[in-house]
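In: Provided below are the primary sequence and the corresponding predicted coordinates.
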Amino acid sequence: MLQADQKQVIDYIKDNIDSCLAFANFEFDSIARSGVDGTMLLLPRIEVTMNIDYESLIDYVNKKRLEELDDD
């Protein structure tokens, strides 16, 4: 089993952003906080969950490793 580190996953997302966003789930929420002076502060929050095809990720990582070897 080949493992991919965080940088490789981020690079994969950057290079394949269109297909990654097609399989993303977005949740919009807000958090209410009361201030010391009695005011209410609403903090918007966006949570994104992205599904990435493992086989596609591993193919990408292998391709990048081969490119690095060819550059040497």
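Out: Perfect, I can see it now.
In: where in this structure is pLDDT low?
Out: For the chain, applying pLDDT under 70 flags the ranges 1-2, 72.
In: can you give me the strands for it?
Out: Using DSSP state E, the strands of the chain run over residues 24-34, 40-50.
In: tabulate those (TSV), appending mean neighbour count and distance to residue 56.
Out: Quick note: C-beta positions are derived from backbone N, CA and C, even for glycine. What follows is the strands of the chain, written out as TSV (neighbours: other C-beta atoms under 10 Å; distance: least, C-beta to C-beta, whole Å):
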stretch	mean neighbour count	distance to residue 56
strand 24-34	10	15
strand 40-50	9	13
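In: quick one, which of these gets closest to residue 7.
Out: For the strands of the chain, the distance to residue 7 is smallest for strand 40-50, at 16.1 Å, taking C-beta to C-beta.
In: what angle do strand 24-34 and that closest one make with each other?
Out: Strand 40-50 and strand 24-34 are oriented at 160 degrees to each other (axes from the mean of the first three to the mean of the last three C-alpha atoms, to 10 degrees).
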